[in-house]
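S.K.: Sequence first, then the predicted structure, then my questions.
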Amino acid sequence: MYLKIQFAVIFTLMLGVAGFNYILDPYGVYSPDRTYSFNRIKPKIFLKERIIKPYRVSDLKPDTVILGMSAAGQGYVESHPYFSDKSVYNFGIAGASMYMMYRAFQHTMFESDLQNVFLDLSILAFDEGDINVVRNDASLANISFESLISVNEDGSRNWRAVFREITQIPQFLLSTQAIRDSRSTLNRQSSAAGVYLTSRGSWSELPPIAEVNQGEKFREIAASSINRWFKNSSSTEVISIYREDGSLSRAFEYYERLLEDAYRKNIEVNLVLSPTHIYFIEAMDFLQIGGMFTEWKRELVKINERVAKEYGKTPFPVWDFAYFSEITTERVPPKEDNTMRMKWYSDPVHFTKTTGDHVLDQVYLGSDGTGVMLTSDNIDAVLDMQKQKKRQFHHENPDQSKKLKALFERAAMTESIDGG
Amino acid sequence: MFFNSHLYIFLFLPIAVAGFFVLARLGGEIVAITWLVLLSLVFYGWWDPIFVPLLLGSVAVNYLFGSYLQTAEDRRVAGYVLAIGVICNLLLLGYFKYAGFFADIAGNLIGADFHVGKIILPLGISFFTFQQIAYLVDSHKQDAAPGGFMRYCLFVTFFPKVVTGPIVRQKDMMPQILDSSIYRFVPHNIAVGLGIFTIGLFKKVIIADGLALVVAPAFSQAAAGHDPGFYMSWLAAFAYALQVYFDFSGYTDMAIGAALMFGIHLPANFYSPYKADSITELWRRWHMTLTRLITEFIFTPLSLRLARLSLDLSSNRWLMIVLANVLPLITALAVVGLWHGAGWTFVLFGLFHGVLMSVHVLWQELRRAMGLKLKMPTVLGVFLTLIVWVWGVVLFRAPNLTAASIMYESMLNFSAALQGFDAPVVLCVGIMLLYLLVLTLPNTEQLFHKYRPKLADKSLERSRISLTRFTWHENSAWAIFLGVLFFVAVLLMQPKVEFIYLQF
């Protein structure tokens, strides 16, 4: 009788809490395809992205996957015409390193009959200093990304992932954090600004907030980027694609391994250098890593062609959108204009779905666009052309360049003061 | 796999218990034992399967040594075999746990660089090595219980205690494994076991993990070379003393509770140590299974030898006390310190307590010699004991001597204390309330004393607290109370937060 009462108490309480969290589903794990008026906006999903996505890939078994960082997660949508006859999943993850992208690729390859990969690349993912950060990342949800990936790095089965339903899901149902996040979900439905993950992994468009000066916010993010995005999280060093001995960062090894697997298994890959706004490129120049940026491009092309040759295949196309183009030079709203909204960008790294569609149109549908295909034969000419476009922009917009430099200088100064 | 994980609580443990009784019924005792051994190896290998062969190798070698020792007729040869067996165990432990530490010391002494690469410490190596050394000694004394290889495997690898104890003697556990009554399902054992397990889980998840948040900032500051401040350093030290107690005693409760579900009684490891009114008594109540082992294998033999030596040298009473008590005490406590970790902080922690206990012994002798009837009031004794314990645990927590010295400097910086109280009042009140609970509430052993035959020191049972109102009973009120406690603990469980003693 004693045990019956005790178990009844435990299970009743647990069922109550689990049921509440299951229905509210604050992380979109249990009913991602159905959203109700009480849980459509999921304000807490952002922190759980890297946990939810492996689950979803296991469920959906997509034949096409989008890999990349948060820019990919926000910018590319499954509704693009090219994906209409495909089962696509956007596996873009905020802050993902190349290592993490490779693991996401491995996971998808294991879980489904993967045919097509769209890889959105940013130099931030190639930083040597942050290469290992995600390996032990328990901070976001007490759950390590690694334990959810179906295969180990060497390709063998990750047996711990077999139990992930049991080991991880209780975190979504039976934790005080889940209760708090469910309550937050319930309370935030009436809010105008909210984000949620679609059932196919992309982020819902961030609704513009009225009376907020987008330009100011944009510049603020650009300024802080020199202290945040371009400094690796394990130290305050500026990011580097090189190791201490001068050799390329380990991120390139994961890039190469991804390509090897894809060539070997006849998986089609499109490599896209993310269409970041020129403020991002200017920030790199300010930090004197602009040269590293062009080297990064060269290495990506070189490795791709070398691996293709090893496997006797035609190299995957490398599309470069990361230069001074009509899109990336989009004018940032002036300080005094609170109504102007940018067409192509929400901040210097995160582009809108319009930009995403522009990229997808060119890559998959062959439309005209700002992307330039890079090969070892044309890379010198293309980089020269890009340099020329940059010079031309500076020449035509001398004030903007000057102001931007001053902005970065102020931000650097603030950092050095804050830092002690 | 952690005790405080969903996987363990909702899958591993229930399957282990159910499988054990079903297999015992269907296939007999040896099948049930095999099942438990296999699951114990899965449990152990969950962290890193690479060390499972090491554990099994250690089990097999010790079993062979033990089997020989139990039947050896030539005592002289048996003595040599025992020595070899003990040395093998110590070498294994020494390699994995102390190689780097001693290489550093040797290097510093002779000015050479003996760099030992990074050696990963296998989980529970200190625990299973000490248990097996005790087994060899007992076998040599013909005091071990025979039981066969699989039963011996279970004795060493039994998952509730394989990584963090309590340290069990083979002669205490083997008779239980041989007892056919444990293979019959007894709901009462589940009720008591689950009750003890729940209390342990609550101690760990709610109290210890909560305290960690108070402790970490001050010690991190000290580790980074910054002064945490007078009040914050004291607060962190007091909080850590509670954290380590709740963490380890919580783990022990969970181990004892889980073992009891299989009908196996593990020895008590804690008996309200912070209610002790002297440091000597505190050590009799703290990590009791380790201190008993160290007393038996280090303190007592050393004390006897030195007592004989002192008698040979002179009849001076004080020399006798120093040789027979003080030196063995300091040595034994230094070993206790070193057992916890290969670092100077641990050695100093042990030596500090050795010296304190020696002072206590000398004071008792002085009182006796001078015929003083003076006795410290219990409350004052408890308070002073707590203060010195809190002082000592700083060494236990600090990552190195530099950090410890910064903490001590902060704790002694009375001029900073005069500049104003800067610790969060809520935290201070919370810590004080927790101490009040620790000092007034009965411990788990007392709560369940009617239902759990203990393998503990009977003398500890004289408690100053009335037990009548706070003992566990198999009734609805306790079922509901513990059910709610379990639910709350599970809800707040953070599976990645390790137990402190796992590192030892």
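M.R.: Yep, that arrived.
S.K.: low-confidence ranges in chain B?
M.R.: Counting by pLDDT under 70, chain B shows low-confidence ranges at B:114, B:116, B:452-469, B:495-504.
S.K.: mind listing the strands for the stretch 1-150 of chain A?
M.R.: According to DSSP state E, counting those that start in this stretch, the stretch 1-150 of chain A carries its strands in the segments A:64-67, A:88-90, A:116-121.
S.K.: so can I have CSV of those strands showing mean pLDDT?
M.R.: Below are these laid out as CSV (pLDDT from 0 to 100):
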stretch, mean pLDDT
strand A:64-67, 97
strand A:88-90, 95
strand A:116-121, 97
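S.K.: where exactly do the strands run in the stretch 301-420 of chain A?
M.R.: Applying DSSP E, counting those that start in this stretch to the stretch 301-420 of chain A gives strands spanning A:318-320, A:372-374.
S.K.: Can you mark which positions in the first one are buried?
M.R.: So the one you mean is strand A:318-320. A:318, A:319, A:320 (16 or more other C-beta atoms under 10 Å in any protein chain shown). Yep, even glycine has a C-beta here, placed from its N, CA and C like the rest.
S.K.: partners of the last one in the sheet?
M.R.: With DSSP bridges applied, the residues forming beta bridges to residue A:320 are residue A:273, residue A:372.
S.K.: Would you quantify the distance from it to residue A:355?
M.R.: According to C-beta to C-beta, to the nearest Å, residue A:320 and residue A:355 sit 14 Å apart.
S.K.: Ignoring the adjacent residues along the chain, who's closest to residue A:77?
M.R.: Spatial nearest neighbour of residue A:77, excluding adjacent residues (C-beta to C-beta, 6 or more residues apart in numbering or on different chains): residue A:202 at 4.9 Å.
S.K.: again with residue B:232
M.R.: That would be residue B:218: by C-beta to C-beta, 6+ apart, it lies 4.9 Å from residue B:232.
S.K.: How about the contacts made by the one you found?
M.R.: Shown in contact with residue B:218 (C-beta atoms under 8 Å, 6 or more residues apart in numbering or on different chains): B:228, B:229, B:232, B:233, B:235, B:236, B:407.
S.K.: got the strands of the stretch 1-150 of chain A as TSV, with distance to residue B:180 and mean neighbour count columns?
M.R.: As requested, the strands of the stretch 1-150 of chain A are arranged in TSV below (distance: least, C-beta to C-beta, whole Å; neighbours: other C-beta atoms under 10 Å in any protein chain shown):
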stretch	distance to residue B:180	mean neighbour count
strand A:64-67	58	27
strand A:88-90	57	28
strand A:116-121	61	25
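S.K.: CSV for those strands, including distance to chain B?
M.R.: Formatted as CSV, the strands of the stretch 1-150 of chain A follow (distance: least, C-beta to the nearest C-beta, whole Å):
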stretch, distance to chain B
strand A:64-67, 27
strand A:88-90, 27
strand A:116-121, 31
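S.K.: okay, now the residue in chain B that chain A sits nearest to: neighbour count?
M.R.: Per C-beta to the nearest C-beta, residue B:483 is where chain B lies closest to chain A, at 3.1 Å. For residue B:483, the count of nearby residues is 22 (other C-beta atoms under 10 Å in any protein chain shown).
S.K.: Check the offset of the host helix or strand of it from the chain's centre.
M.R.: Residue B:483 is part of helix B:476-492, with elements assigned from DSSP states H and E. From the chain centre to the centre of helix B:476-492 is a distance of 26 Å (C-alpha atoms, centre = their mean, to the nearest Å).
S.K.: in it, what's buried?
M.R.: Buried residues in helix B:476-492 (16+ other C-beta under 10 Å): B:478-479, B:481-483, B:485-492.
S.K.: cool, and stretch B:133-145?
M.R.: Neighbour count says stretch B:133-145 has B:133, B:134, B:135, B:136, B:137, B:138, B:139, B:140, B:144, B:145 buried, by 16+ other C-beta under 10 Å.
S.K.: And stretch A:245-253, by the same measure?
M.R.: By neighbour count on 16+ other C-beta under 10 Å, the buried set for stretch A:245-253 is A:248, A:249, A:250, A:251, A:252.
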